[in-house]
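K.L.:
Take a look and give me a structure for this.
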Amino acid sequence: MRGNEHYDVVIIGSGPGGGTMAWRLAQTGKRILLLERGDYLPRERENWDSQAVFIDARYQAKETWYGADGKSFRPGLHYFVGGNSKVYGGVLLRLRERDFGEIQHPDGISPAWPLGYDVFEPYYQRAEELYYVHGLRGEDPTEPPSKKPYAYPPITHEARIQELFDGLKREGHHPFHLPVGILLDERDGKALPHSACIRCDAFDGYPCMTNGKADAQIVCVDPTLRAYPNLTLLTNSYVDKLTTDSEGRRISGVNVLRGGEQTTYSGDIVIVACGALSSALLMLRSGNGDHPNGLANGSGQVGRNYMRHNNAVLIAISRTPNPTKFQKTLGLNDFYFGSDDWEFPLGHIQMVGKSDGVQIEGEGLPGFLQWFPEMPFDWLAKHSLDFWLTSEDLPLPENRIYYDKDRITLDLTPTNMEGQRRLREKLRVLCGKLDVHPHLFERTLYLGQNVPIGGTAHQAGTMRFGTDPSQSVLDLNCRAHEIDNLYVTDAGFFPSIGAVNPTLTIIANALRVGDHIAERLR
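P.N.:
Okay, here's the model as predicted:
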């Protein structure tokens, strides 16, 4: 084992939580070490190959986890500089203001956050500006209050999506331009020659070969490395354990396995941002005499209250061709908090990346054969409209990740599935009014196979924050109640998850906690 090298701050994980934190704290001039278990995602032809990305799962972590029933699955995780944001869809929505309060669902209560929307609002604004979010205020009636417009204009709808947008408005709905983190300069719906994003059909769910996606690597990690020599990045560095001092009150060592060698680093501050699932696993395998059930786990809540949304990717078949390339521009929240025939929240609808024939064939969808028996897969793809539906799930204590000896087990009992079912039906009925066949077919390969348990992209809630150390793992600054120099800045801190993509809230919270830590480092 190599000796100890000391830094002012050690950050574990380079995704939206860790990468953003590195960007913020490097500005203090302190020595920062950023540890990433993976490497840079290679820029290669396969980045934009649907067979490689979705069917072969080329970039997905090659790990085997288990459900509580003993069945194995492959989690939808991606270990690269930038984390899961390397393949995310780039949609960066704020939680709705009401999401920060207690919300009743048929299966139980979505708990209130210990801090209100007003605390997060200025950090949401900073996060949107940092991650190049293109959007338009005022279209979405559920949109929370904001003090400034988006810094970048909304992405232009292509013709078929504009028809869908106009049709929804005619039906009395409130479609809106999705806020997307993207390095795009366009005119009249076409990317300009210097634009990093070229408005192609391989954006959502794919790595971006042209670096046009506003992911944590492109926006935070690489620019910060260029600008601040006080930041050091170590890739292929797996943190297998955190150790504590003799009193168990401070992290004294960060044990790293790198290149077959064990190395220990230390930091005045240690920030864990591995993703809600992996961060909880790190805490659990770091237990010691002072923390026999895992670090910071005196409450018994580490790994519990796991949430991942009830997500579905659905294909509808347009009666007219849909030649759209960049499809992820339209959202609808009219059923977010309920509907005229259901008093409980249903959730969020947005467009998702365009299907191609390879994906549709790979899905093996028998429903297509029933309704379109004579149509080839490429014809179906050219007429497809693709939707992402998100409904809130609840933070049950029994929904948790843990070690069963050396085996990683994820115990998941779905909640609020009736809201998701009703949201699908709302979409199906809308399709029938919009020159679209009223049949919906599910795409599972986008989410990762073995959905729902393998669909971990929106992982959250395994180390919730709060004021009561007996009921929460972290305090309001996302510092562990039991360990003075340990912070967590991925989505593990979420007490509830709402029904929008969690990434913008992760980024905003990292900026919020970063301000607190920067003050502490002075």
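K.L.:
quick one: the helices in the stretch 251-400 of the chain?
P.N.:
Listed in chain order, the helices of the stretch 251-400 of the chain (DSSP state H, counting those that start in this stretch) span 276-285, 357-363, 366-371, 377-382.
K.L.:
which stretch in those helices has the least confidence?
P.N.:
The minimum mean pLDDT among those belongs to helix 366-371 (a mean of 54).
K.L.:
The spatially closest residue to residue 275 that is not a sequence neighbour: neighbour count?
P.N.:
Nearest non-adjacent residue to residue 275, counting by Cβ to Cβ, 6 or more residues apart in numbering: residue 490, 5.3 Å away. For glycine as for every other residue, the C-beta is placed from the backbone atoms N, C-alpha and C. Counted with other Cβ atoms under 10 Å, residues neighbouring residue 490 total 34.
K.L.:
May I ask which helix or strand of the chain has the lowest mean pLDDT?
P.N.:
Least confident helix or strand, the chain: helix 366-371 with a mean of 54, by mean pLDDT, DSSP states H and E.
K.L.:
which stretches of the stretch 51-200 of the chain form strands?
P.N.:
65-67, 72-73, 103-105, 108-110, 133-134, 176-177, 180-181, 186-187, 190-191 (DSSP state E, counting those that start in this stretch).
K.L.:
Note down every partner strand of the first one and its orientation.
P.N.:
The partner list of strand 65-67 in its sheet, established with DSSP bridges, is strand 72-73 (antiparallel), strand 407-411 (parallel).
K.L.:
So which of the strands of the stretch 51-200 of the chain is nearest residue 256?
P.N.:
Evaluated over those, closeness to residue 256 peaks at strand 65-67, with 22.5 Å, by Cβ to Cβ.
K.L.:
if I look at the closest residue to residue 78 other than its chain neighbours, how far off is residue 513?
P.N.:
Spatial nearest neighbour of residue 78, chain neighbours left out: residue 84 (5.1 Å); criterion: Cβ to Cβ, 6+ apart. Residue 84 is 19 Å from residue 513, where distance means Cβ to Cβ, to the nearest Å.
K.L.:
higher neighbour count, those two?
P.N.:
Comparing residue 84 with residue 513 by other Cβ under 10 Å, the one with more neighbours is residue 513, at 28 against 23.
K.L.:
what's the more buried one sitting at in phi/psi?
P.N.:
Dihedral pair for residue 513: phi -70, psi -30, per degrees, to the nearest 10.
K.L.:
give me every residue that touches it.
P.N.:
Contacts here follow Cβ atoms under 8 Å, 6 or more residues apart in numbering; on that basis residue 513 touches 21, 477, 478, 487, 489.
K.L.:
Grab the nearest non-local neighbour of the last one.
P.N.:
This means residue 489. residue 17 (4.1 Å).
K.L.:
my read: that neighbour touches residue 491, true?
P.N.:
Yes - the criterion here is Cβ atoms under 8 Å, and residue 17 meets it with residue 491 at 7.5 Å.
K.L.:
so what's in contact with those two at the same time?
P.N.:
In contact with both residue 17 and residue 491: residue 506, using Cβ under 8 Å, 6+ apart.
K.L.:
Mind checking which of those two has more residues around it?
P.N.:
Neighbours were counted for residue 17 and for residue 491 using other Cβ under 10 Å; residue 17 has more, 34 against 28.
K.L.:
Checking the more buried one next. Helix, strand or coil?
P.N.:
helix (DSSP: H, G, I helix; E, B strand; the rest coil).
K.L.:
That one and residue 378, how far apart?
P.N.:
Residue 17 is 40 Å from residue 378, by Cβ to Cβ.
K.L.:
again, but for residue 355
P.N.:
With distances taken as Cβ to Cβ, residue 355 is found 10 Å from residue 378.
K.L.:
Comparing these two, which shows the higher neighbour count?
P.N.:
Taking other Cβ under 10 Å, residue 355 and residue 378 do not tie; residue 355 has more neighbours (28 against 13).
K.L.:
how close does that one sit to residue 165?
P.N.:
From residue 355 to residue 165 the distance is 20 Å (Cβ to Cβ).
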